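# coordinates only, sequence not included:
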């Protein structure tokens, strides 16, 4: 079979990952040393990686995170008091599976937004859906929904999201007072921890709710 028709057929089948890998193999002089099964395996691996990349990009696009932060960008050398062991535990995604909620607390400028987005980015990589919303917009929307009858529909839409990342008001005195209300899951998720060691009511906190 001719190479070009094969490439066209792969694109028609939307197997872009395999098409890219096949084009790459064609440029390798020693590729013929591999058995057919090995070459086919490489093509399949490339297709799987391509699909996962597209799916993750779509999840991140729907999440609308405030910052494009990733776990690899987290700098533990900065004197912000970040617990490396706790952060590593959060990166496993177990807190999502266990339906736990996370509060990220600390004074202005320590990187709460960055670390919250990195945490949710990791959740998206693990196949979880997420959505970022500011509390000053969310609460009025829910209040309006109670009046126009769309309240239940809005909650149902939010409930389809695995992780809801909420940015409270900067001057919110008690951001955790929204905990265990309609936005939290009915399985009684727990607080995992905060990154400052201080009390939540004294600081601006980011909230990651598992629905």
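Looks like it came in fine. None of these values were measured; they are calculated from a predicted model.

# low-confidence ranges, this structure, go.
Per-residue confidence of the chain (counting by pLDDT under 70) places the weak regions at 1-3, 169-211.

# quick one: the strands in it?
When assigned using DSSP state E, the strands of the chain occupy the ranges 102-105, 130-134, 163-167, 205-210.

# now for the shortest one, which elements pack on it?
Taking 3 or more Cβ pairs under 8 Å, 6 or more residues apart in numbering; DSSP states H and E as the contact definition, the neighbouring helices and strands of strand 102-105 are helix 112-125, strand 205-210. No exception for glycine: its C-beta is placed from N, CA and C like everyone else's.

# closest one to residue 141 among those?
Ranking the helices and strands packed on strand 102-105 by their distance to residue 141 (criterion: Cβ to Cβ) puts strand 205-210 first, at 15.7 Å.

# out of the helices and strands packed on strand 102-105, the one nearest residue 45 is which?
helix 112-125 (17.6 Å).

# buried set for the closest one?
For helix 112-125, the neighbour count (16 or more other Cβ atoms under 10 Å) marks 112-125 as buried.

# returning to that earlier point: let me have the helices and strands packed on strand 102-105 in CSV, extended by distance to residue 19.
As requested, the helices and strands packed on strand 102-105 are exported to CSV (distance: least, Cβ to Cβ, whole Å):
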stretch, distance to residue 19
helix 112-125, 24
strand 205-210, 38
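
# which other helices and strands does the longest helix seen in the chain contact?
With DSSP state H applied, the helix covering the greatest number of residues in the chain is identified as helix 36-63. Applying 3+ Cβ pairs under 8 Å, 6+ apart, we find helix 36-63 packed against helix 16-26, helix 112-125, strand 130-134.
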